[in-house]
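# When you get a sec, could you give me coordinates for this:
(chains A, B, C and D)
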Protein chains: 4
Amino acid sequence: MDRKRVGILDIEKLIEVKRPVGPFVLIPKIDVILDFHPEKEIDEHELQEVIHSAIEDALREEITSIDSFGASIVKKLLKKTDTLKAEVKMEAEYVVYRHAPVSKQRTQETYKLISRAIGEEKCVKKMIGAEVVGINSCPCAQEGLEEYARRKLKNFSQRDIERIIRSIPIASHNQRNISTLLIEVPEKYNIEAEDLIEILEESMSSKVYEVLKREDEVEVVIKSHMNPNFVEDTVRKILIKVVQKYRDLPGESVVIARSESLESIHQHNAVAERVALLKELRREISSAST
Amino acid sequence: MDRKRVGILDIEKLIEVKRPVGPFVLIPKIDVILDFHPEKEIDEHELQEVIHSAIEDALREEITSIDSFGASIVKKLLKKTDTLKAEVKMEAEYVVYRHAPVSKQRTQETYKLISRAIGEEKCVKKMIGAEVVGINSCPCAQEGLEEYARRKLKNFSQRDIERIIRSIPIASHNQRNISTLLIEVPEKYNIEAEDLIEILEESMSSKVYEVLKREDEVEVVIKSHMNPNFVEDTVRKILIKVVQKYRDLPGESVVIARSESLESIHQHNAVAERVALLKELRREISSAST
Amino acid sequence: MDRKRVGILDIEKLIEVKRPVGPFVLIPKIDVILDFHPEKEIDEHELQEVIHSAIEDALREEITSIDSFGASIVKKLLKKTDTLKAEVKMEAEYVVYRHAPVSKQRTQETYKLISRAIGEEKCVKKMIGAEVVGINSCPCAQEGLEEYARRKLKNFSQRDIERIIRSIPIASHNQRNISTLLIEVPEKYNIEAEDLIEILEESMSSKVYEVLKREDEVEVVIKSHMNPNFVEDTVRKILIKVVQKYRDLPGESVVIARSESLESIHQHNAVAERVALLKELRREISSAST
Amino acid sequence: MDRKRVGILDIEKLIEVKRPVGPFVLIPKIDVILDFHPEKEIDEHELQEVIHSAIEDALREEITSIDSFGASIVKKLLKKTDTLKAEVKMEAEYVVYRHAPVSKQRTQETYKLISRAIGEEKCVKKMIGAEVVGINSCPCAQEGLEEYARRKLKNFSQRDIERIIRSIPIASHNQRNISTLLIEVPEKYNIEAEDLIEILEESMSSKVYEVLKREDEVEVVIKSHMNPNFVEDTVRKILIKVVQKYRDLPGESVVIARSESLESIHQHNAVAERVALLKELRREISSAST
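Sure thing, here's the model as predicted:
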């Protein structure tokens, strides 16, 4: 298991990404880590210079996505050093325009784009991903509240109780949720960040928005309560959408989904995570749907 | 307005606080800042030594509270230096045992104790405070949800609708809230941290707990929805409780109350704060209650 | 002293700033805080909507600087609400291209731009600033090391000792330093961010760079040791440069300079700060130079 | 590779650790993560209750070390759930008294204790570790400075130059360094936190102290320059000391050493890490020393 790793953390670079919809600017934070033979002696100064020159070289090329930029740095590191394994991670703020659900007022939302690239010998693997903030309502507390409501409404007829329960959202606790999705993609395969963001947002109880008129706020709360989720449910929903959306991705692609809730009824956070090959997810999800 | 300040941030010290209920251990993070005449030249090394020796001297005395410990450091700094104003801030983790609301299961909860001491010439003022995490439910969204419920229930009689609305908690969004209270106290005046924590917790929609059985969780959610609060409401409730509880504190005592919500329907946080003299609060609150 | 404040923290917006040298993109984190009469009741939802509409209105105008953008939001808040005092703070990552000191290799450096705008009644004040990371070497330890060197060299002649001490940099401890400058500016007054960054960098022992060839690294270390600074020295040097550079700024302009060192020989940080009117600084600095 | 993980992050508990030298109090932050069969459905509420009851059960036993406390929680989780793998991580502040190197003045220093326990089927593995802040001086810049010094001293004889270079510490850049060591230990094996801290501190260029008189500060700077280290050197030195100190630990024990420098000449951090079995380290280090 012997492994020796050396690198630089928290490098920041401004890059311009050329997308079919037009170019945009990102300032990713970049971590670069290289594995070496345990007995190799490293000149750290020299290594830092090589890492920076690899990044500078990649900056001079046309950048079409954050994951291909990472992969390009890794390729250069494999050539310039005798690393056994080179890894480049990036995270960058990303702004998208949205419309509030009812008022349709335009809002600006911020997301995180993520990429990871890993190279060993001549093989470079890369992942593209996103991190999204949304809201999750708790299904367990909601169940408890429904029982409570039934008891409190016991003077109504059974039919009326069912009508009431079906008509209005049953209260629960809800909280800020942070969910992440990373998908391994082949060199030329193109995944739109917007699609990852949509998958993540639709797997939470509701999207959140910077600006909400009163009618929007009510809509978000109703939607969130009609659609309760444990962090584990959010992870499962993300994975189902990935399987449905990316039918042409190779089965060997690694998929990582993670969801963390800043629990409003506790000081601690709840977290769920799944790491699987796409073919494993395809098998499980197709068998579940039969 | 000319002001020159020099200091040290993030000093950590282990202290044993002797309280009537028994001693307990804290590891406060300490910031020390001294104001000097703008044209005075400072030997930073010497100043650091003096600051540390003031802290060491205060450590050798019996410590009866985090605020008196801070005040003691300030007094020593006033003697050892020609500072115009010396300020010491502390924050420390503090653990309290609680019982869950229904199951009565014992849980350990963590709070932050805070103190500030400021000395000018021979006069030292000190504040004691706490920071508490709880849950706040939004009154505005709840109002919107109530209107929605009324529309959805429109086939029921007006009387039935009122009964339903009164019987069951109307859903809203709720979120982790962090509230803070700081009160200026005279030298020998003793404020129990537990009282500050209670004031803060009772001013939010509900306390939160590390461990909740299902029946406890339902109770927390019901309580939180029966008691919705904007951050501004939480601040007002804290201040009313302070006025009611500390009748013998001097009117000149400064009170700071602050509440911040990690909004579950937005990525941003909402915040409210009030800084006032106790006599101002007394006047306002007594006039409001007549 | 009675003060009641309500606001929103951590709003993020993408803005395009039009500068004579060409436009650039920033994603500032924005905090908005409004003071109200203590007895005024606030509808937090409504207030959030008003804050966002003020920001959206300001976004629709041409943005020529981060400080004028903040001032524009404040003006709109003064009109749209009955706030007694409106405050808008911003911080944004900012990338500048540099050349290493000896090799002249191009590097990308990241800084923080800062602005603050405060409005009361019809008067809006605004500040523009920057935060810069650099290196500071300690003058006190260096003095001690020089004495040590003199003792160790005692078999040399006094003249030789002086030649040696003058020829080679005497070791000291040095560390990452974070320095900040904020200057109040009249409405139409234009301060270039690059100038603030330069003032800050030249007030530390040396600038730092993302990429340094060996000859650059040696140069940075020599420069840093030839130019030792306590945090307090850095603050003084910043202020002297401000006085020299901005001769036409009104004397009533507030200036804030701050320097914090991540001490390499301690776990804690050392900090110095000065808040003064420009006319106070002018008087002090001109008298010091006579 | 299919893996599904669910857990809770940032639980805080106050524990009293009984050591031969006397008991002490810690407030570890605890993360608990459980792996389940990918198709198993999880009731998150129930799982949270089980996790808490496992922690509470472990709290009721006598705690003799932070790693055995973690292992005890893992054992209970293996019994109470059908997890495939249970993992418990802890970090806690830890205060130790020290004496400054020359003045012998007593200072209080803060460290982080770390533990990890992982259970699969009936087998529980545990690691104990520490994180320490110190100072590292750069050997590469020092070499460059030595060449510079030789050039500047060229009017001296070669012999004199050598005497000068040998007599006084050659300047370099130095910076705050954070190093970490984790060692896998058998159930009953006892490792003293103080020993881990010592290994880490002696592998950096010098220890750091909260309080330093002038003579101490000079000593720390001299020591740090006489003993320059890249992060990779610090990692190697840690591992050599581990091999020498823990001769009776099983060869299969995993050892993780990591060192990160907050580079004073860059904004980014440099990092090195090694993960290896003790037997691999023994082989390498004994062959290196022959």
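# C-alpha coordinates for stretch A:260-271, PDB please?
What follows is stretch A:260-271, C-alpha atoms only, in PDB (Å, rounded to 0.1, in the frame of the first residue of the first chain):
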ATOM      1  CA  GLU A 260     -25.400  16.600   3.400                       C
ATOM      2  CA  SER A 261     -28.100  18.300   5.500                       C
ATOM      3  CA  LEU A 262     -27.500  21.100   8.000                       C
ATOM      4  CA  GLU A 263     -30.200  19.500  10.200                       C
ATOM      5  CA  SER A 264     -32.400  22.200  11.700                       C
ATOM      6  CA  ILE A 265     -33.400  20.000  14.700                       C
ATOM      7  CA  HIS A 266     -29.800  19.100  15.600                       C
ATOM      8  CA  GLN A 267     -26.400  20.900  15.700                       C
ATOM      9  CA  HIS A 268     -24.900  18.100  13.700                       C
ATOM     10  CA  ASN A 269     -25.100  17.300  10.000                       C
ATOM     11  CA  ALA A 270     -26.600  14.200   8.300                       C
ATOM     12  CA  VAL A 271     -24.700  12.700   5.300                       C
END
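# Which residue is the nearest non-sequential neighbour of residue A:148?
Spatially, and ignoring its direct neighbours in sequence, residue A:148 is nearest to residue B:218 (6.0 Å; C-beta to C-beta, 6 or more residues apart in numbering or on different chains). Placement of C-beta: from N, CA and C, glycine included.
# Could you double-check that that neighbour sits in contact with residue A:146?
No - the criterion here is C-beta atoms under 8 Å, and residue B:218 misses it with residue A:146 at 9.9 Å.
# higher neighbour count, those two?
Shown here are residue B:218 and residue A:146; by other C-beta atoms under 10 Å in any protein chain shown, residue B:218 has more neighbours (23 against 16).
# does that one count as helix, strand or coil?
helix (DSSP: H, G, I helix; E, B strand; the rest coil).
# Now for the residue positioned nearest the centre of chain A: which residues touch it?
The centre of chain A sits closest to residue A:180, judged by C-alpha atoms, centre = their mean, with a distance of 2.4 Å. Residue A:180 makes contact with A:114, A:129-132, A:200, A:256-259, according to C-beta atoms under 8 Å, 6 or more residues apart in numbering or on different chains.
# Neighbour-wise, give me the winner out of those residues.
residue A:259 (31 neighbours).
# excluding its backbone neighbours, what's nearest residue A:233?
residue A:139 (7.4 Å).
# that older thread, tell me which of the contacts of residue A:180 fall in strands.
Using DSSP state E, the subset of those located in strands is A:114, A:129-132, A:256-259.
# In JSON lines, list those along with distance to chain C and pLDDT.
Formatted as JSON lines, the ones in strands among the contacts of residue A:180 follow (distance: C-beta to the nearest C-beta, whole Å; pLDDT from 0 to 100):
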{"residue": "A:114", "distance to chain C": "17", "pLDDT": "98"}
{"residue": "A:129", "distance to chain C": "19", "pLDDT": "98"}
{"residue": "A:130", "distance to chain C": "16", "pLDDT": "98"}
{"residue": "A:131", "distance to chain C": "14", "pLDDT": "98"}
{"residue": "A:132", "distance to chain C": "14", "pLDDT": "98"}
{"residue": "A:256", "distance to chain C": "25", "pLDDT": "98"}
{"residue": "A:257", "distance to chain C": "25", "pLDDT": "98"}
{"residue": "A:258", "distance to chain C": "22", "pLDDT": "98"}
{"residue": "A:259", "distance to chain C": "21", "pLDDT": "98"}
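# all helices of the stretch 1-150 of chain A, in order?
Ranges of helices in the stretch 1-150 of chain A, per DSSP state H, counting those that start in this stretch, are A:44-60, A:66-80, A:139-152.
# Now tell me what touches the longest one from outside.
Around helix A:44-60, the neighbours that count as contacts under C-beta under 8 Å, 6+ apart are A:6-8, A:11, A:13, A:15, A:30, A:32, A:34, A:69, A:72-73, A:76-77, A:80-81, C:107, C:210-214, C:217, D:138, D:140-141, D:230-232, D:270, D:272.
# mind running it again at 6 Å?
A:8, A:32, A:69, A:72-73, A:76-77, A:80-81, C:211, D:140, D:230, D:232 (C-beta atoms under 6 Å, 6 or more residues apart in numbering or on different chains).
# hmm, which two among these are most spread apart?
Greatest spacing in the contacts of helix A:44-60, by C-beta to C-beta: A:69 and D:140 (28.9 Å).
# Measure how buried the closest residue to chain C within the stretch 151-290 of chain A is and give me the count.
Proximity to chain C, evaluated over the stretch 151-290 of chain A using C-beta to the nearest C-beta, is greatest for residue A:211 at 4.3 Å. The burial count assigned to residue A:211 is 23, neighbours taken as other C-beta under 10 Å.
# picking up where we left off before, can you pick out the residue with more neighbours from residue A:69 and residue D:140?
residue A:69 (26 against 19).
# so who does residue A:88 touch?
A:32, A:70, A:73-74, A:117.
# Check it and give its pLDDT.
Here the pLDDT value assigned to residue A:88 is 98.
# separation between it and residue D:181?
27 Å (C-beta to C-beta, to the nearest Å).
# Same check on residue A:34?
In this view, residue A:34 and residue D:181 are 21 Å apart by C-beta to C-beta.
# next one: residue A:219
For residue A:219, the distance to residue D:181 - C-beta to C-beta - is 53 Å.
# Brilliant, that's me finished.
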